[in-house]
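1. coords please:
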Amino acid sequence: MSRSRSLSRRDLLRWMGLGAGACLLGRRGVARALAAGGKGAGPARPNVIVILADDVGYGDVGCYGAKKIQTPSIDRLATQGIRFTDAHASAATCTPTRYSLLTGEYAWRKPGTGILSGLAKLCIEPGRTTLPALMKKAGYATGCVGKWHLGLGTGNVDYNGEVKPGPLEIGFDSCFIVPATGDRVPCVYVQDHRVVGLDPTDPIQVSYGKKVGDEPTGRERPELLKVKFSHGHDCTIVNGISRIGYMAGGKAARWVDEDMADTITRQAVQFIEKHKDGPFFLYFATHDIHVPRAPHGRFRGASGCGIRGDAAQEFDWSVGQVVDALDRLGIAENTLLIVTSDNGPVLDDGYADGAVRDAGDHKPSGPLRGGKYSNYEGGTRMPFVLRWPRRVKAGVCDALLCQIDLLASLAVLLGLPLDDDAGPDSFNVLPALLGQSARGRDHLVEQGRGLALRQGQWKFIPAATPRAGKVAKGRKAPKADEAAPKGELYNLANDLGETKDLAADQPEKVRQMAALLQDIRQKGRSRP
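-> Predicted structure coming up:
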């Protein structure tokens with residue numbers, strides 16, 4: 001694949017319906033024309049909604065091949081918009097993906113962007129260019145609802161006072177968030193800078209080192225659990241589920257897991273209703289189907305694929321509520337809506353909830369190899385559906401693109417220049433997103449257990465570096481004069497499942513891709 005090119009000013013104005021003579025407007029004139037919707041000739045700036053699922057795999061969605069799990073809301077969007085078949089999260093785990101989506105920078109470039117605890121400091125520095133800050137600069141109302149997991153405060157945040165810096169300090173006007181994940185304490189919601197419903201006479205204590213308070217843990221009292229843990233997840237029990245980390249106090253503010261989807265979906269819909277006159281940008285990060293899986297009772301047994309499948313259908317319901325709100329308010333036509341996921345699927349992720357047993361013949365990664373945490377395609381290749389009825393025709397697109405590209409692409413859409421140091425790894429793939437080109441980015445670094453590189457149809461996974469004095473089992477120690485890098489090489493054009501390692505047959509391709517990966521790492525940026 002070739003590297004994506006930016007839309008020229010002439011193409012952009014023609015797309016807006018302004019005509020060739022408008023090329024004399026210049027960059028600032030283009031921005032003003034976009035803001036005004038071309039003075040009636042073209043579309044008003046679209047509302048933008050990004051719905052980011054949690055642990056939903058490529059094969060968990062009907063329009064990507066799922067048979068047992070029913071996802072009618074997402075499938076409907078796919079028939080009305082574009083279904084992308086080679087779209088990726090930047091990483092195979094949640095925090096780094098979220099960091100990259102919002103900043104346009106590969107998370108592996110910045111220390112402190114691994115999977116964060118509920119006491120971690122904010123890993124996005126206030127003041128830098130972010131996706132919400134960009135949208136805000138363009139005059140958008142910006143809102144964040146759902147799972148955050150990017151840290152809060154400056155370290156060991158006190159949840160009894162003002163919880164900041166956080167989403168509001170990196171470009172959002174408002175937020176209603178789950179601070180970390182559902183399986184990590186504290187089990188409370190934060191709205192803007194305050195814990196929702198906190199009784200000041202019952203202050204929150206949180207620790208990831210030693211027990212606080214006298215509440216039982218899953219390790220001490222497993223008979224109290226309604227969901228047993230399989231590994232880890234054996235600390236403080238909240239709502240009959242033991243978590244990672246210890247928590248005391250804040251009882252009036254604690255969430256009920258079975259109500260979480262209803263709660264955050266209601267907040268997302270309320271944000272849309274409040275800003276229906278637009279333009280608005282909503283980042284809606286759901287928690288389904290991440291552990292602990294505790295879907296509302298009305299979804300229990302709905303999928304015929306166990307509790308994980310039920311949670312996937314609950315996620316689809318959340319998508320449907322957003323779509324219904326857009327229809328009810330009459331703003332669906334000019335809303336650019338994206339539905340995707342943060343990383344690949346996992347069955348047993350710390351709770352013995354029957355997900356492995358109940359999966360049956362359902363394949364969460366579909367035809368792909370690997371899943372969450374993996375360097376294989378199942379770790380980062382995601383469902384990615386985009387609908388914008390006013391401007392995007394329905395279809396299927398095979399272009400290589402990544403969620404990290406939203407920053408540069410929306411900047412072009414809105415006529416806003418990016419500073420040279422902003423979004424260092426975000427490519428402008430707007431033509432592909434709008435269905436005007438089959439070309440996306442020409443390479444992508446995928447972060448799993450280490451880094452891997454996609455370049456067109458080729459996938460290179462470097463060999464894990466053995467610890468000093470040790471060699472990976474089954475491998476011979478390399479000779480000092482061996483020039484060819486070690487690793488795996490796959491041609492995805494005819495081996496999507498990454499079953500045939502071609503590294504030994506294609507040493508020059510291995511060397512070339514290893515050199516490119518090293519160059520990307522050393523340069524500190526990859527944006528053209």
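2. contacts, neighbours, all on C-alpha from now
-> Fine.
3. can you give me the strands in the stretch 301-450 of the chain?
-> With DSSP state E, counting those that start in this stretch as the definition, the stretch 301-450 of the chain shows strands at residue ranges 335-341, 384-387, 395-397, 401-402, 443-448, 450-455.
4. who are the contact partners of the residue lying closest to residue 322 once chain neighbours are set aside?
-> When the adjacent residues along the chain are set aside, residue 322 lies closest to residue 269, with 6.1 Å between them (C-alpha to C-alpha, 6 or more residues apart in numbering). For residue 269, the contacting residues are 321, 322, 325, by C-alpha atoms under 8 Å, 6 or more residues apart in numbering.
5. what of residue 50?
-> For residue 50, the residues meeting the contact criterion (C-alpha under 8 Å, 6+ apart) are 282, 283, 284, 337, 338, 339, 340.
6. pairing partners for the helix or strand where it lies, with directions?
-> With secondary structure defined by DSSP states H and E, residue 50 is part of strand 47-53. For strand 47-53, the pairing partners within the sheet under DSSP bridges are strand 280-285 (parallel), strand 335-341 (parallel).
7. can you say which of those strands is nearest to residue 413?
-> Relative to residue 413, the nearest member of those by C-alpha to C-alpha is strand 335-341, separated by 11.4 Å.
8. what is the nearest of the contacts of residue 269 to residue 450?
-> Where those are concerned, and distances follow C-alpha to C-alpha, residue 450 has its nearest neighbour in residue 322, at 35.9 Å.
9. just give me the neighbour total for the closest one.
-> 23 (other C-alpha atoms under 10 Å).
10. test my guess that it contacts residue 266.
-> No - with the criterion set as C-alpha atoms under 8 Å, residue 322 and residue 266 do not qualify as a contacting pair; they are 9.1 Å apart.
11. show me the shaky parts of the chain.
-> Applying pLDDT under 70 to the chain flags residues 1-43, 465-484.
12. for it, what's the longest helix?
-> helix 306-329 (DSSP state H).
13. who are the packing partners of that helix?
-> Contacts of helix 306-329 with other secondary structure elements, assessed using 3 or more C-alpha pairs under 8 Å, 6 or more residues apart in numbering; DSSP states H and E, are made with helix 72-80, helix 260-274, helix 355-358.
14. who does the first one touch, helix- and strand-wise?
-> It stands for helix 72-80. Other elements packing on helix 72-80 under the criterion 3+ C-alpha pairs under 8 Å, 6+ apart are helix 306-329, strand 384-387.
15. buried residues in that helix?
-> Applying a neighbour-count criterion of 16 or more other C-alpha atoms under 10 Å, the buried positions in helix 72-80 are 72, 73, 74, 75, 76, 77, 78, 79, 80.
16. now distance to residue 130 too, for those, in CSV please.
-> CSV is the format used below for these (distance: C-alpha to C-alpha, whole Å):
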residue, distance to residue 130
72, 32
73, 29
74, 27
75, 30
76, 30
77, 27
78, 28
79, 31
80, 29
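17. between those, which sits nearest residue 399?
-> For the buried residues of helix 72-80, the minimum distance to residue 399 (C-alpha to C-alpha) is 15.8 Å, reached by residue 78.
18. tell me, how many neighbours does the residue lying closest to that closest one once chain neighbours are set aside end up with?
-> Nearest in space to residue 78, with sequence neighbours left out and distances taken as C-alpha to C-alpha, 6+ apart, is residue 385 at 5.8 Å. Number of residues near residue 385 (other C-alpha under 10 Å) recorded here: 27.
19. over to the one 5 residues further on?
-> For residue 390, the tally of surrounding residues (other C-alpha under 10 Å) stands at 13.
20. swap in the one 5 residues further on?
-> Other residues near residue 395 come to 14 when the count uses other C-alpha under 10 Å.
21. just list whatever residues bridge to the closest residue in space to it that isn't next to it in sequence.
-> In this structure, residue 395 finds its nearest non-sequential neighbour in residue 82, 4.8 Å apart by C-alpha to C-alpha, 6+ apart. In this structure, residue 82 has beta-bridge partners residue 386, residue 395, where bridges are defined by DSSP bridges.
22. so residue 82 makes contact with residue 386?
-> Yes - taking C-alpha under 8 Å as the definition, residue 82 is a contact partner of residue 386 at 5.3 Å.
23. which one of the strands paired with strand 47-53 lies nearest to residue 176?
-> Smallest distance to residue 176 across these (C-alpha to C-alpha): 9.7 Å, for strand 280-285.
24. now do that closest one: everything it contacts.
-> Outside of strand 280-285, the residues that reach it under the criterion C-alpha under 8 Å, 6+ apart are 47-54, 132, 135, 140-148, 268, 271-272.
25. neighbours of residue 218, how many?
-> Using other C-alpha under 10 Å as the criterion, residue 218 is surrounded by 23 other residues.
26. follow-up on the earlier one: for the residue nearest to residue 395, give its distance to residue 47.
-> For residue 82, the distance to residue 47 (C-alpha to C-alpha, to the nearest Å) stands at 17 Å.
27. again, but for residue 375
-> Distance of residue 375 to residue 47, given as C-alpha to C-alpha: 34 Å.
28. can I see the domain layout of the chain?
-> Under automatic domain parsing, the residue ranges defining each domain of the chain are 1-42, 46-195+256-442, 457-523.
29. tell me the most buried of those domains?
-> Stretch with highest mean neighbour count among the domains of the chain: domain 46-195+256-442 (a mean of 22; mean count of other C-alpha atoms under 10 Å).
30. on that earlier part again, distance to residue 159 added to the helices and strands packed on helix 72-80, as TSV?
-> Written out in TSV, the entries for the helices and strands packed on helix 72-80 read as follows (distance: least, C-alpha to C-alpha, whole Å):
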stretch	distance to residue 159
helix 306-329	28
strand 384-387	35
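31. what's the spacing between the residue nearest to residue 184 when sequence neighbours are not counted and residue 442?
-> Spatially, and ignoring its direct neighbours in sequence, residue 184 is nearest to residue 244 (4.7 Å; C-alpha to C-alpha, 6+ apart). In this structure, residue 244 and residue 442 are 39 Å apart, going by C-alpha to C-alpha.
32. now do the contacts for residue 510.
-> Residue 510 is in contact with 460, 484, 485, 487, 489, 503, counting by C-alpha under 8 Å, 6+ apart.
33. likewise residue 104?
-> Contact analysis of residue 104 by C-alpha under 8 Å, 6+ apart lists 130, 131, 404, 405, 406, 407, 408, 422, 423, 424, 425, 426.
34. my read is that the first one contacts residue 102, right?
-> Think residue 130. Yes - taking C-alpha under 8 Å as the definition, residue 130 is a contact partner of residue 102 at 5.4 Å.
35. got any residues that touch both of those two?
-> Applying C-alpha under 8 Å, 6+ apart, one finds that residue 130 and residue 102 are jointly contacted by residue 407.
36. next, residue 245: phi, psi?
-> Residue 245 adopts backbone torsions of phi 100, psi 170, taken as degrees, to the nearest 10.
37. isn't it right up against residue 232?
-> No - because the distance of 9.7 Å does not satisfy C-alpha under 8 Å, residue 245 is recorded as not touching residue 232.
38. neighbours around residue 230, how many?
-> Residues contacting residue 230 under the criterion other C-alpha under 10 Å number 13.
39. that one touches residue 347, doesn't it?
-> No - between residue 230 and residue 347 no contact is recorded; they are 11.5 Å apart, counting by C-alpha under 8 Å.
40. next, show the common contact partners of the two.
-> For the pair residue 230 and residue 347, no residue contacts each of them under the criterion C-alpha under 8 Å, 6+ apart.
41. inside strands: which ones of the contacts of residue 510?
-> With DSSP state E as the criterion, strands contain 460, 487, 489 from among those.
42. contacting residues for the residue lying closest to residue 154 once chain neighbours are set aside?
-> If you skip the residues right next to it in sequence, residue 154 has residue 121 as its closest partner in space, 4.6 Å away by C-alpha to C-alpha, 6+ apart. For residue 121, the residues meeting the contact criterion (C-alpha under 8 Å, 6+ apart) are 150, 151, 152, 153, 154, 155, 156, 157.
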